[in-house]
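With the sequence up front, the predicted model follows.
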Amino acid sequence: MLGLEKISGFFQSEKKEEPLVASSPDSKPNKKICCACPDTKKLRDECIVEHGESACEKWIEAHKRCLRAEGFNV
């Protein structure tokens, strides 16, 4: 009985910690937005300069997806 209580307590404390770990990356980005996703930012900017914003929706959306993956709310 004593061994099961310890194991049971271990699993219970482990489950309580999981949501804290999962919510940390979503709540605050690790970088400034200007420094996040440099590759997609460069492609987006070059496309806009050369072809105009309306022709670059693919790159704009790719950059937004990257920023969201980094934790930014855009």
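Great, that's in hand.

For this structure, give me the ranges with low pLDDT.
1-27 (pLDDT under 70).

again, 50 this time
The model of the chain has pLDDT under 50 over residues 1, 4-25.

Would you map the helices across the chain?
2-27, 38-51, 57-69 (DSSP state H).

Dump the C-alpha coordinates for the second one into CSV.
Below are the C-alpha coordinates for helix 38-51, written out as CSV (Å, rounded to 0.1, in the frame of the first residue of the first chain):
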residue,chain,number,x,y,z
PRO,A,38,14.3,36.0,-40.4
ASP,A,39,14.0,33.7,-43.4
THR,A,40,10.3,34.2,-44.0
LYS,A,41,10.6,37.9,-43.3
LYS,A,42,13.3,38.3,-45.9
LEU,A,43,11.3,36.4,-48.6
ARG,A,44,8.2,38.4,-47.7
ASP,A,45,10.0,41.7,-47.9
GLU,A,46,11.8,41.0,-51.1
CYS,A,47,8.6,39.8,-52.8
ILE,A,48,6.7,43.0,-51.7
VAL,A,49,9.4,45.3,-53.0
GLU,A,50,9.6,43.5,-56.4
HIS,A,51,6.0,42.5,-57.0
